[in-house]
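*Asks:* Sequence plus predicted model, see below.
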Amino acid sequence: MDILRIPTVTGVDIELSIAGTGGRSYAFVIDWHIRALLALGWVFAAVLLFRQPGGPLASGGASAYLLVGAPAALLYSLYHPVLEIAMRGRTPGKRIAGVRIVRRDGGIPSAVQLLVRNLFRLIDSLPFMYCVGLVATMLTRQSVRIGDIAAGTLLVYDEESDSALDDAVSRGVGRLGLERASLAGELVARWRDLRPAVRVALARRLLADVGNPPGDADEPELRTMLEDLAR
Amino acid sequence: MRETAKWIEGRLPVWREVARQVEAVEHGRAAAAADVLGIVRAYPEIARDLALARALAPNAPLTRRLERLYLALHRSLFERPRRLGHDLASLFLRDAPAAARSLAWHIVWVTALFFASATAGAWLVNQYPEVVGLFASEAMIEQVQAGRLWTDGLLNVLPSSVLAVNIFTNNITVAVFALVVGIFYGLGTAYIVGMNGMMLGAVFSYTAQHGLAIRLFEFVAAHGFVELSVIMIAGACGVSLGEALARPGHLTRSEAFRRATGRAIPLLVVCCAFLVGAGLIEGYVSPNPAYPLWARLAIGLAYLGLLIVVLSGALDRLVRRESRAAA
């Protein structure tokens, strides 16, 4: 994962992990579903509200366009620019995916930058299904699409702080020390990625090291014990 | 290990308090002086804590939490506060005029291209009337041949509101396209401007052959001046993007492209706002036969004057003078 390093006056750089094509696509797909549902929801709601005889839709084309088509098109097309400006570089999809738009110096992008980024969707979406944008994120060093290059922005991982998690981490750290709490947390997080023999051996060693020998515990029990430890 | 745990236990209340202060300053209505001072003092302290945590356990959740806290502090201290009203005023009063000044020669060249294309289109249709089919639809041609304009009775087909929304949406799309296709080294923009120019020249030439040119001018007089000016300004913005890519100077191509876009966008935003007005005029005034030519010309030229006042920076000078006088 590429890192964006932002120098600061204290000499301790801020490090942000740059979101790759996968993270970006994940956020985009969620947002696409939300805006498509919003637009469709409006169409259904407007038709249900206005379709009665003598109602605004009874007169035909123009009213249908103004009451049904135009607001739905606006919802769909203004979803990204409006929400990105209002949520300071995020959208619901980006929030769920844990990513955020930032300037190249790590700051929150201005409204003009976010607008630029969105105008260039016209190019990024060519010739269909965001092919240009997708290829650009695969080929560029910081996984940016044309809109990001134009606006001087990029997507970074930026998880929201969770006070419950903070407390859990703090308790674990208080009991085990920073290195071991970190080890236990990482082992739990990477449990599925490790080979069974390796994860079992690591878990046994760690549990024994903190004075909690696992005995004959099997694999699921070891994982539960580790989770308890990290908590 | 015991020392680390002790250090963390000692620092935890501080980190929690700093997180609270950042939250209060960033999301509260008015920041308390104590919270702001607390953030200023905490910044180097958290930097030191983070450096220590990174050295002890670089990927630990607690280190990640400290990274986030440090970033939030950094943004809180160094980020410019958002002032939407001020930024919007600055966009119309200073940013767009500055961009228009710096793109003056681009605007001149694009205007020249537009008129050259219009002349070419007019000459082409004048010499070979049968090629008008390249620029106008069959329905339009049939109406002109029957001595009518396709704009006649437009209000019987669509109400003004729908017409206006359709028109300004379409015009804004064209303006945005004229800008973004500048990414193809300016050629995309040149194509759009050239084609629009040829189309205008060809249609005017064809209507002139059927004695309808004055009526067509009457139709476009109220909205056309601003609409065409904006398309040319958008074209100039697009050409400047192409130029930045083709001739980046001492900058990298991406940096030159980014700067050119940053310069062009405020101008485009202001132009799009004017296109909304032009769309409303085209929906409500242009198809309405109740407005005589002099009234249409007055509206069109007054609106063009307003565009020039804004983009020349005269409005900014006026506002400054007024505020000085008020002070």
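*Replies:* That came through, no problem.
*Asks:* How far does stretch A:129-143 sit from its chain's centre?
*Replies:* Stretch A:129-143 sits 17 Å away from the centroid of its parent chain (C-alpha atoms, centre = their mean, to the nearest Å).
*Asks:* Nearest the middle, which residue of chain A would you pick?
*Replies:* A:A97 (2.1 Å; C-alpha atoms, centre = their mean).
*Asks:* Skip the chain neighbours and tell me the closest residue to residue 144.
*Replies:* All of this is about chain A. Nearest residue to A:V144, sequence neighbours excluded (C-beta to C-beta, 6 or more residues apart in numbering or on different chains): A:L154, at 5.2 Å. (Each C-beta comes from the backbone N, C-alpha and C, glycine too.)
*Asks:* wrong one, I was asking about chain B
*Replies:* B:H210 (5.2 Å).
*Asks:* Can you report how many residues neighbour A:L115?
*Replies:* Using other C-beta atoms under 10 Å in any protein chain shown, the number of residues around A:L115 comes to 19.
*Asks:* What of the one 10 residues further on?
*Replies:* Using other C-beta under 10 Å, the number of residues around A:S125 comes to 16.
*Asks:* What of B:A208?
*Replies:* B:A208 has 16 nearby residues by other C-beta under 10 Å.
*Asks:* Repeat that for B:Q145.
*Replies:* By other C-beta under 10 Å, neighbour count at B:Q145 equals 11.
*Asks:* close enough to count as contact, it and B:H210?
*Replies:* Yes. With contact defined as C-beta atoms under 8 Å, B:Q145 reaches B:H210; the gap is 6.8 Å.
*Asks:* quick one: low-confidence parts of chain B?
*Replies:* B:1-2, B:5, B:28-29, B:154-157 (pLDDT under 70).
*Asks:* all helices for chain A, in order.
*Replies:* Using DSSP state H, the helices of chain A run over A:21-50, A:61-64, A:70-86, A:92-97, A:111-119, A:121-124, A:131-139, A:146-151, A:163-176, A:178-189, A:196-209, A:219-230.
*Asks:* Would you map out the domains in the chain?
*Replies:* Since no chain was named, I'll use chain A. Domains of chain A are assigned by automatic domain parsing as A:3-157, A:163-230.
*Asks:* that's the wrong chain, I wanted chain B
*Replies:* According to automatic domain parsing, chain B is divided into the following domains: B:2-78, B:85-326.
*Asks:* Can you check which of those gets nearest to A:G211?
*Replies:* domain B:2-78 (13.5 Å; C-beta to C-beta).
*Asks:* Go ahead and measure how far that closest one is from the middle of the chain.
*Replies:* Mean-position distance between domain B:2-78 and its chain equals 39 Å (C-alpha atoms, centre = their mean).
*Asks:* so where does the residue nearest to B:P248 when sequence neighbours are not counted fall, helix or strand?
*Replies:* Distances taken as C-beta to C-beta, 6+ apart place B:A256 nearest to B:P248, at 3.6 Å, with adjacent residues excluded. Using DSSP states H and E, B:A256 maps to helix B:253-284.
*Asks:* Tell me, what's the model's pLDDT at A:G147?
*Replies:* What the model reports for A:G147 is a pLDDT of 93.
*Asks:* nearest spatial neighbour of it, skipping sequence neighbours?
*Replies:* In space, A:G147 is closest to A:F120, 3.5 Å off (C-beta to C-beta, 6+ apart).
*Asks:* quick one: contacts for B:S102?
*Replies:* Contacts for B:S102 were tallied using C-beta atoms under 8 Å, 6 or more residues apart in numbering or on different chains; they are B:R263.
*Asks:* Now do it against B:G262, distance only.
*Replies:* Using C-beta to C-beta, to the nearest Å, B:S102 is found at 11 Å from B:G262.
*Asks:* Can you name the residues that contact A:V102?
*Replies:* A:4, A:16, A:89, A:108-109, A:153-156, A:158.
*Asks:* Nearest to B:R75 among these?
*Replies:* Nearest to B:R75 among those, with distances taken as C-beta to C-beta, is A:I108, at 6.7 Å.
*Asks:* Report pLDDT for the nearest residue to the closest one once chain neighbours are set aside.
*Replies:* Using C-beta to C-beta, 6+ apart and skipping residues adjacent in sequence, the residue nearest A:I108 is A:R88, 4.9 Å away. Looking at A:R88, its pLDDT is 88.
*Asks:* For burial, what's the neighbour tally of A:R88?
*Replies:* By the criterion of other C-beta under 10 Å, A:R88 has 17 neighbours.
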